[in-house]
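Trainee: Need a 3D model of the sequence below.
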Amino acid sequence: MSVYVPTNPFATRFTRPDAVAFQWQPRGSDPWTVASRTRDRSSCSQIPLQSGWSTDTAAFCQTLLQHLQRERLGLIVGPHGSGKTTLLYTLLPHLASAFGEEWHGELRVLQLTMPLTNSLWTRVKHARDSARVTVDCLGVLPRESLLVIDGVEQLALRDLKRIARLVRKRGLFLLATSHTNLARIAVLHETAVDVMLIRSLADRLLAGAPGAVSQIVLTELERRDLSRLTNVRKLWFELYDIVQNHLLADPMKTRNALDGCPLVSGHDSHLTGDAER
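Mentor: Alright, predicted model coming up:
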């Protein structure tokens, strides 16, 4: 008899940016305002938004798109694991429609990923190679096209300034994510995390999970000071380990293959493949 366990709700296929519904809430004291800020000025657009975290992003995405079309260079800012890439995936259909269909331009997406070897030389080489790829991409895009860069802070400042000048010179648009504000690029949105968002996301991931798994996760969340947490991705990794150890350690959670539950091949997230985490 094969030993099977229930699917871990915090596996990567459930928590990766393209699998999670982006949730947002208006920033500032006015719950009806989404602000676009640059270094020199502040402007706001009013749209009918509800208070609290929401997955109804159509009006929100259209407002960000309008800000980007006005500013031409836009930035989504936030800490590691706060939802920047998830927001990009949510925006992509709106961006493709606006720049590809309405304006007859093109949409290109570059995802910059820091190498695992974190030495000075690898960082310098990575920044140089990333800048070269970005410039090459801009060189072939027709006017009114959009380049999206996920992780633009990995570029050297001098290369970023060069890229910004090239975007303006060629009549293009740039949308990028960054951990910090960058000079002369408008901040379209700042991603942030709070306790209500973490619990909302966890509830969605736990929907359909065994009661024992849900209880373990909820107990773990109660034990932690979530008000100080900014990296939700790291939290999901840690919860994956906790749930995985529970599922494989408790014989009451094993099931026969006829139950149709997915097989988990490892006993720790550091040993299983990324597709399982």
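Trainee: what about residue 180, which SS state?
Mentor: coil (DSSP: H, G, I helix; E, B strand; the rest coil).
Trainee: Figure out how far the helix or strand containing residue 220 is from the centre of its chain.
Mentor: Residue 220 belongs to helix 211-223 when assigned by DSSP states H and E. Chain-centre distance of helix 211-223: 25 Å, with CA atoms, centre = their mean, to the nearest Å.
Trainee: Tell me the helices and strands packed up against it.
Mentor: Counting by 3 or more CB pairs under 8 Å, 6 or more residues apart in numbering; DSSP states H and E, the packing neighbours recorded for helix 211-223 are helix 195-206, helix 232-249. Where you see a C-beta, it was placed from the backbone N, CA and C, and this is true even at glycine.
Trainee: Heading C-terminal from the longest helix anywhere in the chain, find the next helix or strand.
Mentor: Longest helix in the chain, counting residues (DSSP state H): helix 120-140. Following helix 120-140 in sequence order, the next helix or strand is strand 146-150 (DSSP H and E).
Trainee: Mind giving me the packing neighbours of that next one?
Mentor: Strand 146-150 packs on helix 84-95, strand 107-111, helix 120-140, strand 173-178, going by 3+ CB pairs under 8 Å, 6+ apart.
Trainee: If I take the next helix or strand after that strand and helix 120-140, what angle do their directions form?
Mentor: Moving toward the C-terminus from strand 146-150, the next helix or strand (DSSP H and E) is helix 157-169. Here helix 157-169 runs at an angle of 10 degrees relative to helix 120-140 (axes from the mean of the first three to the mean of the last three CA atoms, to 10 degrees).
Trainee: Give me the contacts around helix 157-169.
Mentor: 72-73, 127-128, 131, 134-135, 138, 147, 152, 155, 172-174, 182, 184-185 (CB atoms under 8 Å, 6 or more residues apart in numbering).
Trainee: The helix holding residue 220: which residues count as buried?
Mentor: Neighbour counts over helix 211-223 (16 or more other CB atoms under 10 Å) mark 213-214, 216-217, 221 as buried.
Trainee: Dump those to CSV, plus pLDDT and distance to residue 67.
Mentor: Shown next, in CSV, are the buried residues of helix 211-223 (pLDDT from 0 to 100; distance: CB to CB, whole Å):
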residue, pLDDT, distance to residue 67
213, 93, 41
214, 94, 39
216, 94, 42
217, 96, 37
221, 96, 34
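Trainee: Dump the residues you listed to CSV, plus distance to residue 98.
Mentor: Output for the buried residues of helix 211-223, formatted as CSV (distance: CB to CB, whole Å):
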residue, distance to residue 98
213, 41
214, 40
216, 44
217, 39
221, 38
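Trainee: how close does the residue nearest the centre of the chain sit to residue 7?
Mentor: Closest to where the C-alpha atoms of the chain average out (CA atoms, centre = their mean) is residue 85, at 2.4 Å. According to CB to CB, to the nearest Å, residue 85 and residue 7 sit 23 Å apart.
Trainee: repeat for residue 20
Mentor: As judged by CB to CB, residue 20 and residue 7 stand 16 Å apart.
Trainee: With residue 150 instead?
Mentor: Relative to residue 7, residue 150 is positioned 28 Å away (CB to CB).
Trainee: same check, this time on residue 221
Mentor: 20 Å.
Trainee: same deal with residue 193?
Mentor: Taking CB to CB, one finds residue 193 at 25 Å from residue 7.
Trainee: Now the residue nearest to the centre of the chain: closest residue in space that isn't a chain neighbour?
Mentor: Distance criterion CB to CB, 6 or more residues apart in numbering; nearest residue to residue 85, sequence neighbours excluded, is residue 17 at 4.0 Å.
Trainee: which SSE is the one you found in?
Mentor: Here residue 17 is assigned to no helix or strand, by DSSP H and E.
Trainee: ok, now which ones touch it?
Mentor: Residue 17 makes contacts with 85-86, 88-89, as judged by CB under 8 Å, 6+ apart.
Trainee: Out of the residues you listed, the closest to residue 115 would be?
Mentor: Relative to residue 115, the closest of the contacts of residue 17 is residue 85; by CB to CB it sits at 18.0 Å.
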